[in-house]
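[1] Here is a sequence together with a model predicted from it:
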Amino acid sequence: MKIGLVGFAGSGKTTVFNTMTGLDAPVGYGGEVRLGTVRVPDERIDELSAIFKPKKTIYAEMSFCDVPGEHGSEKKGLSSRGLQQIREQEALCLVLRGFHNPAVEGSPAPEADLEAFHAECVLADLGIVERRLERARKENADAREITAFELMHTTLESERPLRLLSEHELDREMLKGYALLTHRPLLVALNRDEAEAAEPLPAPLEARIAELGAAGMSLSASVEADIAALDAADQPAFLEDLGLKEPALTRFIRTAYGLLDLISFFTVGEDEVRAWPVRRGSNAKTAAGRIHSDLERGFIRAEVIPYEVFMEHGSEAAVRDHGKLQVEGKEYVVADGDILHIRFNV
Ligand SMILES: Nc1nc2c(ncn2[C@@H]2O[C@H](COP(=O)(O)OP(=O)(O)OP(=O)(O)O)[C@@H](O)[C@H]2O)c(=O)[nH]1
Ligand SMILES: [Mg+2]
């Protein structure tokens, strides 16, 4: 499950990538696609860890891929190689340049860059959809498939991304095997000047992002890099000076996690407090399998304590005494923040 950092040359992708992963990829001149692992910050894990004082505390992780922009071309566009690299990503974080920096060529034009990126993706999808539609008609394919591709065609022709179509309008099964881009979840991050780090997105940009069915946020990559370089003890005062409640990167990572439709359930104990990622909608048996295949195979039941309930009572014993322990079967749909204890027998 990969999230791609995408965008035009010099928008700040590698700066964001390095700050999140602690890696040291060269900034300023494209380079190769890079993959890095990012820990998903979670205050609930911090709290649980403070209570259990476990030997190990493990956060959920996700992979980010730094996809370099294209250099040396006159117009802002994507080559077929660039498109291919973007297609390999499950969800996209588009980093828009909003900062002024004499070291970077040109001046910031985030609105125009968003339109250019969107237009490229629509064009790439139209090519795929048109080719399939033509063949499907020739081969007298299933009428449902033709209808679906016709709907995608009209949507793209009116420059609307496919992610705007509801499950009801478009059967997602039809899209499997086609590397469509405008269907992928999209987070647009405006990388702005240091002085504007804590300001909300400009209203027109925010409106346009919503129209595209995407999520939006602003950050300053250089400020984030500065925050990350500080000792933990010095961070709160620095953040307060900037008018930030938490590093923007924390929200960025959490939003990206949500884009992949991931939620976390927790396991707790003296040995380990741990967050486990699962797809939203997963049942208890699948969740058990994330921990160990034996737990899925020999699943008997799941004892569930929602995080808030646990914090309200302070311990597993108190939750049990108040009759708040949920005992659930394998079909139980796991909720974000559930503390699970799997009973199994193999
Ligand atoms: N002032 C300022 N400079 C920034 C900011 N973010 C990135 N830069 C600078 O802009 C230049 C490009 O940043 P990169 O992170 O390499 O950009 P990129 O998107 O990875 O670029 P490509 O990989 O070439 O597409 C570097 O010199 C960065 O130091 C920012 O928030 N403020
Ligand atoms: Mg880069």
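    Structure's in. What do you need? Ligands and ions are numbered 1, 2, ... in the order given.

[2] Where do the helices of the stretch 1-150 of the chain begin and end?
    13-21, 43-52, 80-87, 110-138, 143-157 (DSSP state H, counting those that start in this stretch).

[3] Lowest average pLDDT across those helices?
    Lowest mean pLDDT of those: helix 80-87, a mean of 89.

[4] Go through that one and flag the buried ones.
    For helix 80-87, the neighbour count (16 or more other C-beta atoms under 10 Å) marks 82-83, 85-86 as buried. The C-beta positions use only the backbone N, C-alpha and C, and glycine is treated the same way.

[5] Once you drop chain neighbours, what's closest to Asp171?
    Ala148 (6.2 Å; C-beta to C-beta, 6 or more residues apart in numbering).

[6] Relative to Leu186, how far out is the one you found?
    The gap separating Ala148 from Leu186 is 21 Å, by C-beta to C-beta, to the nearest Å.

[7] who in the chain is up against ligand 1?
    Contact residues, the chain versus ligand 1 (C-beta under 6 Å from any ligand atom): 7, 9-15, 27-30, 68-69, 99, 101, 103-104, 191, 220-222.

[8] which residues does Ile227 contact?
    Applying C-beta atoms under 8 Å, 6 or more residues apart in numbering, we find Ile227 in contact with 235, 238-239, 247, 249.

[9] In terms of helices and strands, where is it?
    Using DSSP states H and E, Ile227 maps to helix 221-229.

[10] rewinding a little: tabulate the helices of the stretch 1-150 of the chain in JSON lines, adding columns for distance to Ala203.
    Output for the helices of the stretch 1-150 of the chain, formatted as JSON lines (distance: least, C-beta to C-beta, whole Å):
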{"stretch": "helix 13-21", "distance to Ala203": "24"}
{"stretch": "helix 43-52", "distance to Ala203": "30"}
{"stretch": "helix 80-87", "distance to Ala203": "28"}
{"stretch": "helix 110-138", "distance to Ala203": "12"}
{"stretch": "helix 143-157", "distance to Ala203": "26"}
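
[11] Does the helix or strand bottoming out on mean pLDDT in the chain reach ligand 2?
    Counting by mean pLDDT, DSSP states H and E, the weakest-scoring helix or strand in the chain turns out to be helix 80-87, with a mean of 89. No. Applying C-beta under 5 Å from the ion, one finds helix 80-87 separated from ligand 2 by no less than 12.0 Å.
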